[in-house]
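Peer 1: Here you go, sequence then predicted model.
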Amino acid sequence: MKRLTILGSTGSIGLNTLDIVRNFPEKFQIRSLSCRSSIEKLIEQIREFHPKIVCVEKDEQACDLRQIFSDTEFVFGLKGLIQISKDPETDLMVSGIVSAAGLKPTFAALKAGKTVAIANKEPLVMAGELFMQTATKSGAKLLPADSEHNAIFQALKNERPESISRLILTASGGSLRDKPLHEFKKITPAQALDHPNWKMGSKITIDSATMMNKGLEVIEAQWLFDTPVQNIEVVMHRESIIHSMVEFVDGSILAQMGLPDMRIPLSHCLGWPDRLPLKIPRIDPISLKALHFEPINYKRFPCLSISIKAAKHGGAAPAVLNGANEKVVSSFLEEDINFLDISKNLNLVMQQFYKTILLPEVPTFLNKIQTIEDAVRADKWGREEAIKLMS
């Protein structure tokens, strides 16, 4: 029986993971859960899954919960997240915390040699090289739980990196893929959050609408699969049936197909190296009739160009971009800026970054991410630059 720790148990990734666990009680046991603010939902999860340790954001939350659950250990804050992430009693950790908050806990799990199903983009975007080096040194295993990367992981099996010709990431185009460009300035958060295929959290749904999510996935893929950025492509695939493809040096292409359901990639990680017999809707190939692929319209999705440039530059550029993006997306969701301001502000932040690193005296963390603290500082620099532009 695998003992699981779930970071972000009340979010989309956590809920889908627990749905799988619920259906395989003989295979999985919940060791730890973490939650930031959805305490009522967390209480329901504690009652159903009986975790040994639970991490919340604040000490007051932990104190209140101790009054309800006397047999559960409650911890809080970053220290608590790190504690449950490197817990020796955990066999597999699901990293599902959105934003840079998941960086240090996920790194702690890798240092401890854990198997980590990584569903949040930020750790590999902010410090991908450091994460992969740490996993190699500690013997940790990174299992990609994001649908696109999990598709590549399944297609690659034990293929060597030199056998890869290119990786092809598919993009649905998000909620605004057919919206006339002249209407973009008036797009509301509610419109941008109305994804045609996937049910996800607010931040990643906005990233899908701007296609920043696909740019972040390019950055992740280069580290996960040891593939140069120039050998990673993005194509539009409206149906979200083919989640990614791998082209090999002999001209063969392997594609992973499945309905747009996060339980599929998550179950692959939970069961790995075995597969779990999920009771979910299946694809009927005859009913598909056709699958469509289109080139990316970079005028419609400028954030993809911005992120690919950051990926090719390397160093601290992806971490700076990540911080700036989190800030501008938050401002859009709060209706402080309009939709077009997202890409506009990100472009200005990155222009300032590329100028700054040419100055005689540059902070070392803006040149190369050598430590987790470097990644945090670069992310913070990007946030602060974005705040200056929007103030």
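Peer 2: Thanks, I have the structure now.
Peer 1: Residue 22: neighbouring residues, count only.
Peer 2: By the measure other CB atoms under 10 Å, the count of residues near residue 22 is 11. To be clear about C-beta, it is placed using only N, CA and C from the backbone, and glycine gets the same treatment.
Peer 1: gap between it and residue 188?
Peer 2: Separation of residue 22 from residue 188 (CB to CB, to the nearest Å): 35 Å.
Peer 1: Residue 86 contacts residue 109, doesn't it?
Peer 2: Yes - if you go by CB atoms under 8 Å, residue 86 and residue 109 touch, sitting 5.9 Å apart.
Peer 1: Those two: which is more packed in?
Peer 2: A direct count of neighbours by other CB under 10 Å for residue 86 and residue 109 places residue 109 higher, at 31 against 19.
Peer 1: Check which helix or strand that one maps to.
Peer 2: helix 103-111 (DSSP states H and E).
Peer 1: Give me the mean pLDDT for that helix.
Peer 2: For helix 103-111, mean pLDDT is 96.
Peer 1: Quick one: residues in contact with the following helix or strand past that helix.
Peer 2: Sequence-wise, the next helix or strand downstream of helix 103-111 (DSSP H and E) is strand 115-118. The contact list for strand 115-118, computed with CB atoms under 8 Å, 6 or more residues apart in numbering, reads 91-95, 106, 109-110, 124, 140-146, 266, 269-270.
Peer 1: go with 6 Å
Peer 2: By CB atoms under 6 Å, 6 or more residues apart in numbering, the surrounding residues in contact with strand 115-118 are 92, 93, 94, 95, 109, 141, 142, 143, 145, 269.
Peer 1: got the angle for whatever helix or strand comes next after that strand vs helix 103-111?
Peer 2: Downstream of strand 115-118, the first helix or strand assigned by DSSP H and E is helix 122-138. Angle, helix 122-138 to helix 103-111, by axes from the mean of the first three to the mean of the last three CA atoms, to 10 degrees: 20 degrees.
Peer 1: can you pull the contacts of residue 270?
Peer 2: Residue 270 sits next to residue 20 when contact means CB under 6 Å, 6+ apart.
Peer 1: ok, now residue 122?
Peer 2: Neighbouring residues of residue 122 by CB under 6 Å, 6+ apart: 100, 102, 103, 322.
Peer 1: between those, which is nearest residue 61?
Peer 2: residue 102 (18.7 Å; CB to CB).
Peer 1: That closest one is in contact with residue 120, isn't it?
Peer 2: Yes - at 4.7 Å, residue 102 counts as touching residue 120 under the criterion of CB atoms under 6 Å.
Peer 1: which neighbours do these two share?
Peer 2: Listed as contacting both residue 102 and residue 120 by CB under 6 Å, 6+ apart are residue 95.
Peer 1: coming back round to it: what two of the contacts of residue 122 are the furthest from one another?
Peer 2: Farthest apart among the contacts of residue 122 by CB to CB are 102 and 322. That separation is 11.6 Å.
Peer 1: These two - which one has more neighbours?
Peer 2: residue 322 (28 against 24).
Peer 1: The helix or strand containing the more buried one to helix 122-138, inter-axis angle?
Peer 2: Per DSSP H and E: residue 322 is located in helix 317-333. Interaxial angle, helix 317-333 versus helix 122-138 (the same axes, to 10 degrees): 150 degrees.
Peer 1: Now do helix 317-333: everything it contacts.
Peer 2: Residues contacting helix 317-333 (CB under 6 Å, 6+ apart): 99, 122, 125-126, 189, 202-203, 206, 212, 219, 310, 337, 342, 345-346, 349, 353, 375, 378-379, 381-383, 386, 390.
Peer 1: Can I have the buried ones of the contacts of strand 115-118 as a PyMOL selection?
Peer 2: Here is the PyMOL command that selects the buried residues among the contacts of strand 115-118 (16 or more other CB atoms under 10 Å):
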select buried, resi 92+93+94+95+109+142+143+145+269
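Peer 1: from the contacts of strand 115-118, which ones fall inside strands?
Peer 2: 92, 93, 94, 95, 141, 142, 143 (DSSP state E).
Peer 1: Turn the residues you listed into JSON lines, including distance to residue 253.
Peer 2: Listed next are these as JSON lines, based on distance: CB to CB, whole Å:
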{"residue": "92", "distance to residue 253": "31"}
{"residue": "93", "distance to residue 253": "33"}
{"residue": "94", "distance to residue 253": "30"}
{"residue": "95", "distance to residue 253": "30"}
{"residue": "141", "distance to residue 253": "27"}
{"residue": "142", "distance to residue 253": "24"}
{"residue": "143", "distance to residue 253": "23"}
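Peer 1: Surely residue 193 touches residue 206?
Peer 2: No - if you go by CB under 6 Å, residue 193 and residue 206 don't touch, sitting 7.0 Å apart.
Peer 1: Which one's more surrounded, these two?
Peer 2: Neighbour count, other CB under 10 Å: between residue 193 and residue 206, residue 206 has more, with 26 against 17.
Peer 1: ok, for the more buried one, nearest residue in space, not its chain neighbours?
Peer 2: residue 329 (5.0 Å; CB to CB, 6 or more residues apart in numbering).
Peer 1: And for residue 72?
Peer 2: residue 54 (5.7 Å).
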